[in-house]
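Engineer: model this:
(one chain, ligands or ions: 1)
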Amino acid sequence: IQLANTGVQRLKPYEPGKPIEELQRELGIHDVIKLASNENPLGPSHKALDAARRALEQVHLYPDGAGFELKAALSERLRVDADRLVLGNGSNDVLELVARAYLQPGDEVVFSEYAFAVYPLVTLACSATPVRVESHLYGHDLAAMADAITERTRIVFLANPNNPTGTWFNDHALDAFLARVPEEVLVVLDEAYFEYVEESHYPDGLTRLRDHPNLVVTRTFSKIHGLAGLRVGYGVAHPQVADVLNRVRQPFNVNIPALAAAQAALDDHDHIENSKGENAAGLAQLAEGLAELNLEQIPSVANFVTFDCGGDALPVYEALLRDGVIVRPLGGYGLPNHLRVTIGTAPENERFLKALGRAMAR
Ligand code: PMP
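Structural biologist: Numbering: from 1, shown residues only. Sure, this is the predicted structure:
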């Protein structure tokens, strides 16, 4: 059957890791740890889990397609009007909605060479043209990205912090960039790891919405809130843009337990603070451990660290795997010598560092 959409022919599928149970069977190890997908090592908030369990009683009903209560809670927490919000089946869903709503074949989409894998995916799925901008700093070269905008550009994707590198850009850099973007080009500012960042000049994208009607900020419940498996995220945008995104989304794109859990998670300040504390301690623990092994890391403000193995990273990745530790190889991101490891609990980080020491000694 002929494929009219030529972008789809160029698409490489997103490669998720193997399920832990399958790996444990393959390796004959019962306590494999997965530090590969930037999940919260503390798990979900118990309040969120209880809310999700209670919500299961309702699963014979369709969810509230408008997500009224979660939007009301987000609106209050984020101090944005509810008509600026769009909920998604994970923030990936929102990224895709933006692409689906605004891209036509041949349109250009600008992102960094180290950008999150979903940006090229949604771009190609719409037969639009990815424009990858080099960055010698492992993150975004915002000046070069602004230079790359042409009259065919419709969307620019930015991630702050960036995945897979953990880098971030400051308020001055963001504002200088936004000032250069023509108003008919949408800027999607992906803040999946927003809650982890403590740096004083780290910009809150939401505060730029008023001056920049072409800005879409995306966030998620998958990371700090520990709800990756339930799939819930959101976008905040100008009401007209949010309206467009709400029109193109599936009517019931966020399920009942996810809506309930997300709402409860927003209120669980203890879980958020514990998660931040655990992450900051883990970042320090890994920085120290990697330095002891003489391995260079890319400075990270997120819940993962990317480090240079000093040569092909695949044998290190495989040795770690045999030792029961799953991390993320980054060959697909043009970083064949690097591995990305998610911050775990202190004992998990310790186990990773020991296994890495053994892998590097081989
Ligand atoms: N953006 C970035 C930068 C990410 O790293 C991720 C998760 N890996 C997402 C978006 C999507 O997360 P989710 O769909 O779970 O909200």
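
Engineer: dump the residue contacts of Ala159.
Structural biologist: The neighbourhood of Ala159, defined by CB atoms under 8 Å, 6 or more residues apart in numbering, consists of Ser112, Ala115, Phe116, His140, Leu189, Asp190, Glu191, Ala192. Where you see a C-beta, it was placed from the backbone N, CA and C, and this is true even at glycine.

Engineer: per-residue confidence at the closest residue to the ligand within the stretch 251-362 of the chain?
Structural biologist: Nearest to the ligand in the stretch 251-362 of the chain, going by CB to the nearest ligand atom, is Ala302, at a distance of 8.1 Å. Ala302 carries a pLDDT score of 98 in this model.

Engineer: tally up the residues packed near it, please.
Structural biologist: By other CB atoms under 10 Å, 28 other residues sit near Ala302.

Engineer: try Ala291
Structural biologist: Ala291 has 11 neighbouring residues, counting by other CB under 10 Å.

Engineer: sorry, back to before: restricted to strands, list the contacts of Ala159.
Structural biologist: Ser112, Leu189, Asp190 (DSSP state E).

Engineer: where's the nearest residue to the last one once chain neighbours are set aside relative to Asn38, distance?
Structural biologist: For Asp190, the nearest residue in space outside its immediate sequence neighbours is Ala159; the separation is 4.2 Å by CB to CB, 6 or more residues apart in numbering. Computed with CB to CB, to the nearest Å, the distance linking Ala159 and Asn38 is 12 Å.

Engineer: do the same with Pro120
Structural biologist: Distance from Pro120 to Asn38, by CB to CB: 19 Å.

Engineer: ok, Ser200 next?
Structural biologist: Ser200 is 24 Å from Asn38, by CB to CB.

Engineer: ok, those two, which is more surrounded?
Structural biologist: Between Ser200 and Asn38, counted using other CB under 10 Å, Asn38 has the larger neighbour count: 21 against 6.

Engineer: quick one, phi psi at the more buried one?
Structural biologist: phi 60, psi 40 (degrees, to the nearest 10).

Engineer: and for Gly235?
Structural biologist: Torsion angles, degrees, to the nearest 10, at Gly235: phi -120, psi 150.

Engineer: pull the contacting residues for the nearest residue to it once chain neighbours are set aside.
Structural biologist: Closest residue in space to Gly235, ignoring its immediate chain neighbours: Val94 at 4.0 Å, by CB to CB, 6+ apart. Residues near Val94 by CB under 8 Å, 6+ apart: Val86, Gly88, Val216, Thr218, Gly233, Tyr234, Gly235, Leu245.

Engineer: how does this protein divide into domains?
Structural biologist: 6-43+270-361, 47-268 (automatic domain parsing).
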